[in-house]
Every structure is written in structure tokens, then in C-alpha cells.
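[1] Okay, sequence plus prediction incoming.
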Amino acid sequence: MVVEIKEYESAEQIEETLDRDISHTKSTLGEYLRRLDEIRSLAEKSKRIREVVMKLAGKKASSESLGEISMGNLNIVLDANPFDELTAIESVVRSHQERLLVLQKARESLKWLDQLGDTDGLKYLVVETEGVPERILFKIS
């Protein structure tokens, strides 16, 4: 988790940054959702083919992962199949959806800053966790 302090000249600057982050997150999420649809279709086809072949061969389908290796905190999947990719993309989509929700809530929480109006000499020190404002310090210079 990354925590930073960023300095802004105005409330509008904070809002613009959040709007840009929201837009970027929506765009990235859209790309992953398209990939998810594609890989989900491929995974379903793969599953049907596997089931037919196993049935013809008179064997039961195994759901075990053939080649996953853990190295410290890193898992490596050898010979990844569409289901492995589907699981990975679903995880990424969930993460982006959660980030988008947090960014949108933060943006909504900042609406009261519009009431400050012109504040010459006021700096905004914003404590951000993973790019999401959590605390604002007003600094008069």
C-alpha cells in the first residue's frame, strides 16, 4: 500500500485529478471486461471439448491444476489454460471495480470544497492512499 502527501493549489485541481483517475479506471475496466467476455467464451468451449474427449476416452475430468508453482509470494502457472486466464482476469476486474467505487465515493465526498470559493494563499495537502484522498490539510501560506 502506497501512502503519499500531494500538494494542490485549489479544490478544482484535486477534483480534476480524481476525475482523471476515475476516467482512466473506467477505461481500463472496460478493456478488461471485453477481454473477460472473450476468454469466458473460449473457456466454455475448452470445457465442452475436454468433457467430450474425456467421455469418449472413458475417463473422469480432473479439475486439478497441472503446473502451478509457488515461489515466495509469486505463483507461476505453467501451460496456462483459458480457465487460468479467466480466473486472473476476473480478479483484475474485481480490483478495478472496487477502485472505481472508492474513487467515486472520494469524489462525491469532495463536493463540499466547492463552497470554499476563491482561496488565495491556501494550499491543500492531501494524504492519499493508493491515489485516493483520505485526509486534507489546509495550509495557509
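    Perfect, thanks for sending it.
[2] burial of the spatially closest residue to Ala11 that is not a sequence neighbour, as a residue count?
    Computed as C-beta to C-beta, 6 or more residues apart in numbering, the closest residue to Ala11 that is not its neighbour in sequence is Leu113, at 3.6 Å. C-betas here are computed from N, CA, C, even on glycine. Residues contacting Leu113 under the criterion other C-beta atoms under 10 Å number 16.
[3] Now do Leu113 against Ile5, distance only.
    17 Å (C-beta to C-beta, to the nearest Å).
[4] Then Asp37?
    40 Å.
[5] Which residue is the nearest non-sequential neighbour of Thr129?
    Closest to Thr129 by C-beta to C-beta, 6+ apart is Val3, at 5.1 Å.
[6] Let me see the contact set for that neighbour.
    127-129 (C-beta atoms under 8 Å, 6 or more residues apart in numbering).
[7] Ok, Ser27 next?
    Per C-beta under 8 Å, 6+ apart, neighbours of Ser27: none.
[8] Secondary structure class of it, three-state.
    Of the three states, Ser27 takes helix under DSSP: H, G, I helix; E, B strand; the rest coil.
[9] do Lys6 as well
    Under three-state DSSP, Lys6 falls in the strand class.
[10] Quickly find the element holding the residue nearest the centre of the chain.
    Centrality entry for the chain: nearest residue to the mean C-alpha point is His96, 2.2 Å, by C-alpha atoms, centre = their mean. Assessed by DSSP states H and E, His96 sits inside helix 82-109.
[11] Tell me the helix or strand right after that helix.
    Per DSSP H and E, the helix or strand that comes after helix 82-109 is strand 122-129.
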